[in-house]
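K.L.:
Quick check, what structure comes out for this input:
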Amino acid sequence: MTTAATRQAGTGLDRLREQLDKAGFAALVLTSPGGRRYALGRAPGLADGTAVLLTTEGTVTSAAGDLPTAIMAVLRAGGVAGGVAGGVVGADADLPWEVFGQVSEAGVRLRPAADLVFTELASGEPGELPAVAAAADLAAVGYTAVMDHLHVGMDVRELSGNVDRSIRRAGGLLGWYDPYDPYDPCDPYGTTGRAAGSDLVTVRGHDPGTARLTAGTPVRFVLHPLLEGVAGYAAATAVLGEPDGPLRAAGAACAAATASLLAALRPGAPLRDGREAFYREAFGREAGEHAAACRIVALRGGGASPPLPRDSAVTAEPGMVLGVRTEVTVPGRGAIELAETVVLTDSGAEPQARTPLRLVELH
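P.N.:
Model (predicted):
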């Protein structure tokens, strides 16, 4: 049996509640990791099946279990199902199809609210920006911990241990897990690969049979530490040895396309312009046969939001804190992956971690 727990919303959620009211929502159901974490703070045990409901009346209700059952439990406990106070409820992520039939029978209408939640998780207050910069600096510390020790034959678990020790010495106590990979693990290029690491770093590019790094294979690592609840975010790719022509071309394509993405993040322009600029550049270059992907996420709340929807209407505004993650692959050879924390200012996107947005060659 699924049990829902209800409490009063903290003042940190007041702005989101106001936006819900303006949009005509009675409540907001949060099922994405980033959305749940933002509403519940540092509450432990946020299982994949957890649903959270924030109402405009000022309550937060959570329940865990199988997701459709958990959603119905929070809707009832929050007073927006079962004929109590039915209305329109926003959803921050795509939901299983069976949810819609159940909530409709309970007198609730579900509507997408991904843009609303993304804007909230991206829009920082001026006083938060120093903490963002400090968290990004932790990601840069992790980058140095990786690059100072990379060598052929290194056990990937040793690499993640180096990052863990370095980031903890610099003040990062806990990390967050980034569940969003640009590619489906079943894609024909095999771009995701086996991952290793901790909640501070995720590494790909090792031999899955021996857990060791090999020459000529791109080593990709995503750094995602936390500092006082603020997420750091960066990623880099290195090749141990001289990369072959296809890998070097993919690296050049990823670097140029990432630069185009950042240049397109201008106040007043739709954020989706950045993604579109990435794809125009990535597929307009002579990089051989490759696949490419990018994601733009919001980083407030101690983790990452769901990626910006393809049809999003969110407009770039000064003060937004975003994570930008890009990837270009070469069939059978691996992938080039880059990521950065950026703060939007009046003049555009300002990188915070300042890790190299290019393929790093170590030979």
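
K.L.:
how about low-confidence regions in the stretch 51-200 of the chain?
P.N.:
For the stretch 51-200 of the chain, applying pLDDT under 70 flags the ranges 82-86, 178-193.

K.L.:
the helices in it, which residues?
P.N.:
67-77, 97-105, 114-122, 129-147, 156-169 (DSSP state H, counting those that start in this stretch).

K.L.:
Kindly report the same for the stretch 201-350 of the chain.
P.N.:
Taking DSSP H, counting those that start in this stretch, the helices of the stretch 201-350 of the chain run over residues 245-264, 272-283.

K.L.:
Tell me which of the ones you listed lies nearest to Gly12.
P.N.:
Nearest to Gly12, of all those, is helix 272-283, at 27.6 Å by CB to CB. C-beta coordinates here come from the backbone N, C-alpha and C atoms, glycine included.

K.L.:
and the helices of the stretch 51-200 of the chain as JSON lines, adding distance to Leu30 and mean neighbour count?
P.N.:
Listed next are the helices of the stretch 51-200 of the chain as JSON lines, based on distance: least, CB to CB, whole Å; neighbours: other CB atoms under 10 Å:
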{"stretch": "helix 67-77", "distance to Leu30": "9", "mean neighbour count": "23"}
{"stretch": "helix 97-105", "distance to Leu30": "14", "mean neighbour count": "14"}
{"stretch": "helix 114-122", "distance to Leu30": "7", "mean neighbour count": "23"}
{"stretch": "helix 129-147", "distance to Leu30": "22", "mean neighbour count": "21"}
{"stretch": "helix 156-169", "distance to Leu30": "28", "mean neighbour count": "19"}
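
K.L.:
Adding distance to Arg295, write those helices out as JSON lines.
P.N.:
What follows is those, written out as JSON lines (distance: least, CB to CB, whole Å):
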{"stretch": "helix 67-77", "distance to Arg295": "23"}
{"stretch": "helix 97-105", "distance to Arg295": "24"}
{"stretch": "helix 114-122", "distance to Arg295": "12"}
{"stretch": "helix 129-147", "distance to Arg295": "16"}
{"stretch": "helix 156-169", "distance to Arg295": "22"}
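
K.L.:
Which pLDDT value belongs to the residue nearest the centre of the chain?
P.N.:
In the chain, the residue lying closest to the centroid (CA atoms, centre = their mean) is Ala304, at 3.7 Å. Ala304 carries a pLDDT value of 83.

K.L.:
go on, Pro33?
P.N.:
Value for Pro33, per-residue pLDDT: 84.

K.L.:
isn't it right up against Gly301?
P.N.:
No. At 9.9 Å, Pro33 and Gly301 do not qualify as touching, with contact defined as CB atoms under 8 Å.

K.L.:
Burial check on the residue lying closest to Arg248 once chain neighbours are set aside, number of neighbours?
P.N.:
Leaving out its chain neighbours, the residue that sits closest to Arg248 by CB to CB, 6 or more residues apart in numbering is Leu359, at 7.1 Å. Neighbourhood size, Leu359 [other CB atoms under 10 Å]: 24.

K.L.:
can you pull the contacts of Leu359?
P.N.:
By CB atoms under 8 Å, 6 or more residues apart in numbering, the contact set of Leu359 is 218, 237-239, 243, 247-248, 250-252, 254-255, 336.

K.L.:
could these go into TSV alongside neighbour count?
P.N.:
Putting those into TSV (neighbours: other CB atoms under 10 Å) gives the following:
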residue	neighbour count
Pro218	24
Thr237	26
Ala238	20
Val239	24
Pro243	23
Leu247	26
Arg248	17
Ala250	30
Gly251	23
Ala252	17
Cys254	30
Ala255	19
Ile336	32
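
K.L.:
how close does the closest residue to Leu261 other than its chain neighbours sit to Leu271?
P.N.:
Distances taken as CB to CB, 6+ apart place Phe278 nearest to Leu261, at 4.1 Å, with adjacent residues excluded. Noted for Phe278: a distance of 12 Å to Leu271, by CB to CB, to the nearest Å.

K.L.:
Bridged to Ser61, which residues?
P.N.:
Quick fix: residue 61 is Thr, not Ser. Beta bridges link Thr61 to Thr6, Leu53 when assigned by DSSP bridges.

K.L.:
wait, Arg220
P.N.:
Arg204, Thr237.

K.L.:
My read is that Met154 contacts Arg212, right?
P.N.:
Yes. Look at Met154 against Arg212 with CB under 8 Å: they come within range, at 6.4 Å.
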